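Undergrad: Structure, please.
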Amino acid sequence: MCSLFSMMWMCVAVFLLWTRSGGCTEKANTSDLIEYTAADFYEKLHSARMMFIYFEHQVSPTISLFLVELEKSAEVLQDYGISVGKIDCNKELLPSYCTNERVHTAFLFRSGKEFLSFDLDTVFDVNSIVSEVLFAILRDEVKYVHSDADLLAMEKTARGKKDIVLGYVSSLGTQEHRSMMETAYVYGSKYQFILITGGPVLKHLGVDESSPSSRVWFLHCRVHTGFVTPVTSERCPLTYMRKPLSTLSLHSFLQLMEAPLVSEVYDDPSAVQPPQFPYQQTPQVFLFSRHATEHLDLDTATTLAWRLRGLALLLLVHRESPAVKTPDEYNAAYRLPEKGLEVKYLTLNNLDEVLELFIHQDKEAEGEEEEEEEEFEEDEEEYSHFGILDDEIASIVYENRGNQLDMDSVTQLTSDNFHTTVAQSSLTVALFYLKWDAVSMVFLSSFIEVAERLAESEVSDVQMSVVDCGEWTDLCAAQSGSSLPIPFQPITVFPSVLLLRPQESAQYYRGMQGSEALHRFIMLSRRGSPERLSTPEDVTSFLQEVPYTALAGYKPDRVLGLFKTHTDAGLSVFTEAAKSLRGDVLAGLLTDGLAEKWAADHTVDLPAVLVFPSWRTHTHPSTLPLSSAEELLSHINTALLHPLPELTVENLPSFLTLGKALLLLFVGEEEDEIGRRQNKALVEEMGAVVEMGGERMERYLACWIHLGRTPAGMSVLGSYLGSMPPLPALVLTHLPTGGEIYQYPPSSPIVAPSVLQWLQRVEDGTESSAGMLGDDSWSPSVKFYDFLKIMDKEEPGFAQQVSPKREEEEEEEIDMTEANVEEETSDSSSNSPPSDPHPHSEL
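TA: Predicted coordinates for the structure are as follows:
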């Protein structure tokens, strides 16, 4: 009865995993995607059901694609008890979520409250949606390890309790990641699942970190009654899954790991039944045993069974049994599932011959599959290098590889029309890109999305344009074919965005390469910088109102210059600084009587510059001295910096450029009001660290990450320490003196005096580091093309470069003394590290 129940449960699990992996192709013409009203949403929210919701605003092409994938994921996630839906913010207004800042965000609700938010760049198709949502739900069950020491600690914890399923995926949000998460959802109570995406642990497992192939290992940490020889190593024996990672292959693999290591039989191999469900597709290997050597034969069979684990089932045949008819000249046999009941008999000299036999069979099967897919692989070869790029970029480029972008919303600049086109508009935004560069093509899609959004908003004073630098190399190299100069330096980094105005130098856009950040930068760049304010109403509007309705909810930083007259000597310095801040900071200008009134109200002497950071109320501006434009910019950026900023994906690069060590506090998602108060108290305590530390803290950037609002911080923390520590966690990293990472003692409460004492121990060298920053290199993603060589192959000699005779003669006349000096200097510099150009930094 028990075995019947077990088989029934197994069938249900197989059916669930099979249908989720696409096995069932027929489906009713209905959608599981629910369109909620505000009332329905709150009703479901209070029912404590898990919901994955997108709040729909204006539908762009990108959003339309996402909604298609969201509908596909609804059916899948429904089987895991998760409702998937959307709310039309044009019909139903939910102030907390129907804002422009949340257009590109989807939300997971759990236990009646917001559990996690997802940027649409991370949930772009059904695989990424399902994998990321399940990963979020299972984040306490699915562990993350970075180093071999972390894995060893997990093995010691699991020994005697649970076996471990260890999965490596090169990128999150992929089909393989989804397969791991779906399997973990079904088997999470039975096995300990561990996910790795890279790190030193791969070296222990014998995997090249640059390998794009996903892999799975089964670590036998639980006590198995079938073990004849106990495992004495501190490491759990592991078995590698040889088949490509999918939900079904992983399920079959786990079932095979539950099979007996060695089965003893008393029938002839020809009379033994083929494996039953769920092992029916697994080969059988037969070894023979005699009574006199029974224990030795069993040990031999166990040793071979471990080596065949995952490849075949091993059976030990007792030769003295009357039912065994196999001649004595044979000492082994095997049966393949595709051969039915046929058994092949062998005479082997060592165990390696059996192993080679089945590895050879496995390779032959893989070879047949490769031959069948050879045509497909040739078609995909062009895109094989995308696996090295960021997974989101690779996915977008791969999915859109056959689609032509609609370029109607942008003007294509050339060497012939550049000057006339720029002169026709007060602001021209130009994207310089390369067609064969993956990042360029992804950003081009976002750029076009911004252009379409501006057109829909009837923004007429901005001209969006693009330059194909593969075709117009002279323009991108800033070489003008006319008498008019090019207003920018040669473009060497791709993609690049420049803001061009008539009779002005170009301004470089250095923000995030996404549509939302670029749109906000362009909208803020439309304002004058500085903007002349002539009435008190203008000043009030400048300081308090949103510049454009399209930026509703966004609060920019502001700078206000106060000067007695228009001819004040410091006005040119402020104007130059304001132009450099255009797009990031709003700059206003007050002169004459209005400036004197403001100076009196704020007790400052003219001329003066007042800074109004977005994180501070307008009643307490910072006053800055006027000096050179560069020094003024430095003062402004320092005044705008929050004393304890919250790190996000968007602002992290700007903080890293400061060159300071990060004193970084990680706080988790709040479950209730008590959790919110605790997080608030922790942040306030970090503020006390900054205040008590005084000048000593200037070398550090104290900051914090909210893992609910910035879930990417979980992988950052995991990579820092090798595993996820209990929260809150305080770490010190990015030290200018080295790559050490220090963790504040988890058992100690985070209070300002204790933190300062800990920092002192780090400075004195008496504190041990908890890890090291990875030494990642950014080598070119693909081999650069030698176009001249390709031309010569097509037509020999067509592009051959021949040095003029005069140049050859000049080379022969080089002074030998200079040559000797050059030889010596080359020897001395040979130990210097080779330059490692950015993959998109060469034209």
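Undergrad: Low-confidence ranges, the protein, go.
TA: Within the chain, the ranges that satisfy pLDDT under 70 run 1-31, 209-210, 223-233, 359-404, 480-482, 553, 617-626, 671, 774-843.
Undergrad: Please identify the residue most distant from the middle of it.
TA: residue 322 (63.2 Å; Cα atoms, centre = their mean).
Undergrad: measure that residue to residue 60 for me?
TA: According to Cβ to Cβ, to the nearest Å, residue 322 and residue 60 sit 78 Å apart. (Each C-beta comes from the backbone N, C-alpha and C, glycine too.)
Undergrad: Also residue 506?
TA: For residue 506, the distance to residue 60 equals 28 Å [Cβ to Cβ].
Undergrad: Could you do residue 751 as well?
TA: Distance of residue 751 to residue 60, given as Cβ to Cβ: 48 Å.
Undergrad: Then residue 515?
TA: Counting by Cβ to Cβ - residue 515 and residue 60 are separated by 8 Å.
Undergrad: Touching both of these two, which residues are there?
TA: Here residue 515 and residue 60 have 449, 453 as joint contacts, going by Cβ atoms under 8 Å, 6 or more residues apart in numbering.
Undergrad: Of the two, which one has the most company?
TA: Counted by other Cβ atoms under 10 Å, residue 515 and residue 60 do not tie: residue 515 has more neighbours, with 23 against 17.
Undergrad: Now do the helices in the stretch 601-750 of the chain.
TA: Per DSSP state H, counting those that start in this stretch, the stretch 601-750 of the chain carries helices over the ranges 629-640, 652-656, 673-693, 712-721.
Undergrad: between those helices, which gets nearest to residue 140?
TA: helix 712-721 (11.4 Å; Cβ to Cβ).
Undergrad: Can you give me the distance of the nearest residue to residue 271 once chain neighbours are set aside to residue 733?
TA: Using Cβ to Cβ, 6 or more residues apart in numbering and skipping residues adjacent in sequence, the residue nearest residue 271 is residue 323, 6.6 Å away. The gap separating residue 323 from residue 733 is 68 Å, by Cβ to Cβ.
Undergrad: repeat for residue 245
TA: In terms of Cβ to Cβ, residue 245 sits 32 Å off from residue 733.
Undergrad: Residue 688 too?
TA: Separation of residue 688 from residue 733 (Cβ to Cβ) stands at 21 Å.
Undergrad: And the two? Which one has more around it.
TA: Neighbour totals were compared for residue 688 and residue 733, and residue 733 leads with 21 against 15 (other Cβ under 10 Å).
Undergrad: so the more buried one touches residue 661, yeah?
TA: Yes - in this structure residue 733 lies within contact range of residue 661 using Cβ atoms under 8 Å: 7.1 Å.
Undergrad: residue contacts, residue 240?
TA: By Cβ under 8 Å, 6+ apart, the contact set of residue 240 is 215-217, 310.
Undergrad: So which residues of the stretch 251-400 of the chain form helices?
TA: Using DSSP H, counting those that start in this stretch, the helices of the stretch 251-400 of the chain run over 294-307, 351-372, 374-380, 391-399.
Undergrad: hang on, I meant the stretch 451-600 of the chain
TA: Taking DSSP H, counting those that start in this stretch as the criterion, the stretch 451-600 of the chain carries its helices at 473-476, 515-525, 536-544, 571-581, 592-601.
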